[in-house]
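Visitor: got a predicted structure here, sequence first:
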Amino acid sequence: MKYSQILYKKVNEIWKQTHQHPFVVGMGNGDLPVESFIRYMKQDYVFLIDYSKLFALGTIKARDLETMAAFAKLLHETLHGEMELHRQYAARFGITNQQLEDTRPTPMNLAYTRYMLNVAQNGSLEELISALLPCMWSYWEIGKMLAENYPNSIEHPLYGEWIKMYSSDEFGSLAGWLIDLLDNLAEEKSERELQMLEEHFLTTSRFEYMFWDMVYQGGDWPV
Ligand SMILES: Cc1ncc(CN)c(N)n1
């Protein structure tokens, strides 16, 4: 069995609960309050600024030109594709790009990005990938699940664009490339190293769930 399939099984329960989270379900059936979506978009924008840096660190840790170029492409797609979606959403609500960028990350958001940046800066290329992969892979799974279970959701005036982007073949092929890369790299790793990668994968899968919960519940600094 491929290493990614082993990981997929390990996070099955976490991802299942993520798919059932009211924020995710609310995008599918259109019931999600707009204020929750605006909170998500702002928090996610500053999340993506740090997340982009992981791809930059991926180019530094890459061991060949092809991998370097692929990480550079992911960096470009995040800054100019994924984040552009957020900028367009924000404009609809009269939120400027500067206001988006100035969003103060919540403690949960900060904990998540600091965890990944710490792994990316201090760990191996394999650790970096295993920490960031749930972000891409779980979003792709959510996009596909929503498009399949809620076929009309693609037409939703607000959430439709989000679902279209994350269920798209383009997004899926970027996630797929990262999955294949981890599978190849994992072949040469010891049990102990694989255990560490699994730990990162599980941790950031849990962080993903917590991120949805944070933007739904509105968790912020107490003072
Ligand atoms: C919190 C989070 N995780 C993942 C993704 C998908 N890149 C995202 N936009 N935001």
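Guide: Received it, and whenever you're ready, just let me know what you need. As the structure is a computational prediction, the values presented were derived from the model and not from experiment.

Visitor: quick check: which element contains the nearest residue in space to Asn97 that is not next to it in sequence?
Guide: Once flanking residues are discounted, Asn97 sits nearest to Arg87: 5.7 Å by C-beta to C-beta, 6 or more residues apart in numbering. Using the backbone N, CA and C atoms, a C-beta is placed for each residue, glycine as well. Assigned by DSSP states H and E, Arg87 falls within helix 83-92.

Visitor: that helix and the ligand, any residue contact?
Guide: No - contact of helix 83-92 with the ligand (C-beta under 6 Å from any ligand atom) is absent, the minimum separation being 8.3 Å.

Visitor: and the following helix or strand past that helix, which residues are buried?
Guide: Using DSSP H and E, the next helix or strand after helix 83-92 towards the C-terminus is helix 97-101. Under the neighbour-count criterion of 16 or more other C-beta atoms under 10 Å, helix 97-101 has Leu100 buried.

Visitor: name the surrounding residues that touch helix 97-101.
Guide: Under the criterion C-beta atoms under 8 Å, 6 or more residues apart in numbering, residues 41-42, 45-46, 49, 86-87, 90 lie in contact with helix 97-101.

Visitor: just how off-centre is the helix or strand just after that helix within its chain?
Guide: With elements assigned by DSSP H and E, the helix or strand that comes after helix 97-101 is helix 107-122. Centroid displacement of helix 107-122 relative to its chain, using C-alpha atoms, centre = their mean, to the nearest Å, is 13 Å.

Visitor: helices of the chain, start to end?
Guide: Residue ranges of the helices in the chain, as given by DSSP state H, are 3-10, 12-19, 22-29, 34-61, 65-77, 83-92, 97-101, 107-122, 125-149, 159-167, 169-186, 191-217.

Visitor: can I get these in a markdown table with mean pLDDT?
Guide: Converted to a markdown table, the helices of the chain look like this (pLDDT from 0 to 100):
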| stretch | mean pLDDT |
| --- | --- |
| helix 3-10 | 98 |
| helix 12-19 | 98 |
| helix 22-29 | 98 |
| helix 34-61 | 98 |
| helix 65-77 | 98 |
| helix 83-92 | 98 |
| helix 97-101 | 98 |
| helix 107-122 | 98 |
| helix 125-149 | 98 |
| helix 159-167 | 98 |
| helix 169-186 | 97 |
| helix 191-217 | 98 |
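
Visitor: what is the burial count for Leu32?
Guide: By other C-beta atoms under 10 Å, the residues close to Leu32 number 20.

Visitor: which one, of the helices of the chain, ends up nearest to Val223?
Guide: helix 107-122 (11.6 Å; C-beta to C-beta).

Visitor: tabulate the contacts of helix 97-101 (a markdown table), appending neighbour count and distance to His19.
Guide: Converted to a markdown table, the contacts of helix 97-101 look like this (neighbours: other C-beta atoms under 10 Å; distance: C-beta to C-beta, whole Å):
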| residue | neighbour count | distance to His19 |
| --- | --- | --- |
| Met41 | 21 | 20 |
| Lys42 | 23 | 23 |
| Tyr45 | 23 | 23 |
| Val46 | 20 | 25 |
| Ile49 | 17 | 27 |
| His86 | 20 | 22 |
| Arg87 | 16 | 27 |
| Ala90 | 19 | 26 |
